[in-house]
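Student: kindly generate the corresponding structure for this input.
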Amino acid sequence: MNYNEAIQFLYQLRLFGTNLGLENTFRLAQLAGHPQEKLRFIHVAGTNGKGSTCAMLESIYRAAGLRVGLFTSPHLVAFGERIQVNRQWMSEDQIIRRVKELQPLLKRFAANAPPTFFEVVTVMALRHFTEQKCDLVIWETGMGGRLDATNIVTPLASVITNVDLDHQQWLGDTIEKIAFEKAGIIKPGVPVVTATENRQALRIIADVARQHQSVLKVVDGGDTRCPPLDSVKLPLAGRHQRLNAALAVATVSVLQLPVRQDAVIEGLSKVQWPGRMQLVRLPDERSILLDGAHNNAGAEILAHEVQEQFPGSRPALIFGVLRDKDWKSMAALLAPLVSRVILVPMKSERALPPKEMVSMWQQANLSVPVSVCASLAEGMDRVKAEPFILITGSLYLVGEAMELLGLADSPAREERSLNEWVSAENQGGNALRPLR
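Tutor: So this is what the prediction gives:
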């Protein structure tokens with residue numbers, strides 16, 4: 001097996017759709033030797049900020065001298081980004097080996113109920129972190145929490161960044177329902193840390209924590225002004241990132257893993273997490289702001305930060321989005337702040353065609369021109385004379401932009417499509433089961 005064949009095998013697993021449930025993941029992990037029982041975890045769920053919080057925790061514990069695994073999704077460019085040890089991506093050879101290990105195990109499942117892509121990748125990561133002898137794994141959920149494949153672990157701490165509307169088709173159509181799914185990562189006696197501000201969501205999280213006799217620590221804006229954050233300069237821009245940092249610091253405080261304050265400061269000062277309020281200065285003095293905001297809550301934060309950090313500026317906006325996102329609310333928030341709008345397609349089976357968005361963007365701000373381009377590359381060329389450009393709407397789009405800007409090495413074949421789930425109605429696999 002070569003690397004292209006390994007990626008093709010993973011690509012084919014997408015045809016089984018997305019399965020919200022733990023049975024297959026538990027069984028595959030059992031066949032793989034129960035790797036989750038040999039590791040220590042911090043489990044992180046939430047609507048927004050999961051990746052940034054995970055990156056901060058990873059950086060802190062690595063600064064403290066631990067060997068740290070990091071499991072996140074989606075990847076911006078290459079599959080190996082999802083599974084890292086001390087911020088080293090899983091290599092092509094390691095991916096090949098893990099695929100070859102798991103292939104015979106998959107044959108032991110019924111043909112009509114095989115493990116899905118994310119279930120297989122979850123166990124791949126567990127095997128990799130075990131072999132790499134990680135001292136701690138920062139473990140991000142995929143979707144939701146309660147029935148997410150990552151929920152087969154018992155962590156040292158459960159972290160819920162926040163709760164807002166997203167993935168309503170599967171997690172529920174109210175804040176309370178979504179909060180219940182996120183709170184599903186809470187385990188008996190395991191401490192819980194959250195920066196959730198929504199009162200209804202916080203009540204649900206507190207109720208679940210109480211039922212499990214788990215200590216709950218709630219972080220708020222006041223914690224961002226307490227030591228050591230009062231003296232730390234974060235490389236990640238935005239007020240919301242300081243709240244994520246406070247959440248990471250609070251998590252460190254509840255774990256029975258001693259970490260010196262200088263390691264906390266060093267870790268936060270050196271954290272890296274691309275594609276989130278990432279400002280790129282070009283040689284010709286133009287600036288491009290890349291942000292993976294992909295829902296209404298993310299767009300609210302982005303709109304605030306653009307006004308706060310770049311007062312008086314009106315960037316040219318390049319926007320692409322997935323069909324299942326609340327892009328109309330995003331348009332209402334962002335359109336008043338920009339000088340023009342360029343709508344572009346994305347390399348995703350769930351992408352919304354740009355032409356379907358034109359009228360809504362025009363209504364959101366009648367004074368700015370709205371146009372459609374056939375590709376992101378064409379869109380970037382069209383605004384090449386603009387001093388300030390904002391690219392947002394999806395992490396898929398941000399990943400493509402990073403490649404075009406030379407900020408990330410392009411793999412031999414396009415791997416962002418591995419982020420896709422495919423509806424079983426069209427592909428003949430296991431159905432994506434909505435939660436009732």
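
Student: is the residue located most distally from the centre of the chain in a helix, a strand, or coil?
Tutor: Going by C-alpha atoms, centre = their mean, the residue of the chain most distant from its centre is residue 367, 34.0 Å out. Secondary structure of residue 367, reduced to three states by DSSP: H, G, I helix; E, B strand; the rest coil: coil.

Student: so how far is residue 294 from it?
Tutor: 26 Å (C-beta to C-beta, to the nearest Å). Backbone N, C-alpha and C define where each C-beta goes, glycine included.

Student: ok, now residue 390?
Tutor: Counting by C-beta to C-beta, the gap from residue 390 to residue 294 is 14 Å.

Student: these two: which is more packed in?
Tutor: residue 390 (28 against 23; other C-beta atoms under 10 Å).

Student: now do the contacts for the more buried one.
Tutor: Taking C-beta atoms under 8 Å, 6 or more residues apart in numbering, we find residue 390 in contact with 288, 289, 291, 306, 315, 316, 317, 318, 334, 338.

Student: state the distance from it to residue 293.
Tutor: Counting by C-beta to C-beta, the gap from residue 390 to residue 293 is 10 Å.

Student: tell me how the protein divides into domains.
Tutor: 3-270, 278-407 (automatic domain parsing).

Student: re the thing from before, how much space between the residue farthest from the centre of the chain and residue 55?
Tutor: Taking C-beta to C-beta, one finds residue 367 at 38 Å from residue 55.

Student: check residue 154 too.
Tutor: Using C-beta to C-beta, residue 154 is found at 23 Å from residue 55.

Student: who has more neighbours, those two?
Tutor: Between residue 154 and residue 55, residue 55 has the larger neighbour count (other C-beta under 10 Å), namely 25 against 15.

Student: let me know the secondary structure of the more buried one.
Tutor: helix.

Student: the nearest residue to it once chain neighbours are set aside: what's it in contact with?
Tutor: Spatial nearest neighbour of residue 55, chain neighbours left out: residue 273 (4.0 Å); criterion: C-beta to C-beta, 6 or more residues apart in numbering. By C-beta under 8 Å, 6+ apart, the contact list for residue 273 reads 51, 52, 55, 236.

Student: so what pLDDT did residue 273 get?
Tutor: Looking at residue 273, its pLDDT is 95.

Student: does it sit in a helix or strand, and which one?
Tutor: Using DSSP states H and E, residue 273 falls within no helix or strand.

Student: next: residue 158.
Tutor: Per DSSP H and E: strand 157-160 holds residue 158.

Student: who does that strand pair up with?
Tutor: Sheet pairing of strand 157-160 (DSSP bridges) gives strand 41-45 (parallel), strand 192-194 (parallel).

Student: could I have it exported to CSV, CA atoms only?
Tutor: Taking Å, rounded to 0.1, in the frame of the first residue of the first chain, the C-alpha atoms of strand 157-160 are listed here in CSV:
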residue,chain,number,x,y,z
ALA,A,157,-11.4,16.8,32.5
SER,A,158,-14.3,17.6,30.3
VAL,A,159,-14.3,21.0,28.6
ILE,A,160,-17.3,22.7,26.9
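
Student: what are the ranges of the strands in the stretch 1-150 of the chain?
Tutor: 41-45, 68-71, 83-85, 88-89, 136-140 (DSSP state E, counting those that start in this stretch).

Student: out of the contacts of residue 273, which comes closest to residue 120?
Tutor: Checking these against residue 120 with C-beta to C-beta, the nearest one is residue 51 at 21.0 Å.

Student: residues in contact with that closest one?
Tutor: Contacts for residue 51 (C-beta under 8 Å, 6+ apart) come out as 72, 140, 273, 276.

Student: biggest separation within those, which pair?
Tutor: 140 and 276 (13.9 Å).

Student: among the strands paired with strand 157-160, which is nearest residue 118?
Tutor: strand 41-45 (14.6 Å).

Student: so how far is that closest one from its chain's centroid?
Tutor: 13 Å (C-alpha atoms, centre = their mean, to the nearest Å).

Student: what does stretch 393-403 give?
Tutor: 13 Å.

Student: mind listing residues that contact that stretch?
Tutor: 74-77, 274-275, 278, 288, 290-294, 318-322, 325, 327, 330, 344, 346-348, 351, 376, 380, 391-392, 408, 410, 416, 419.
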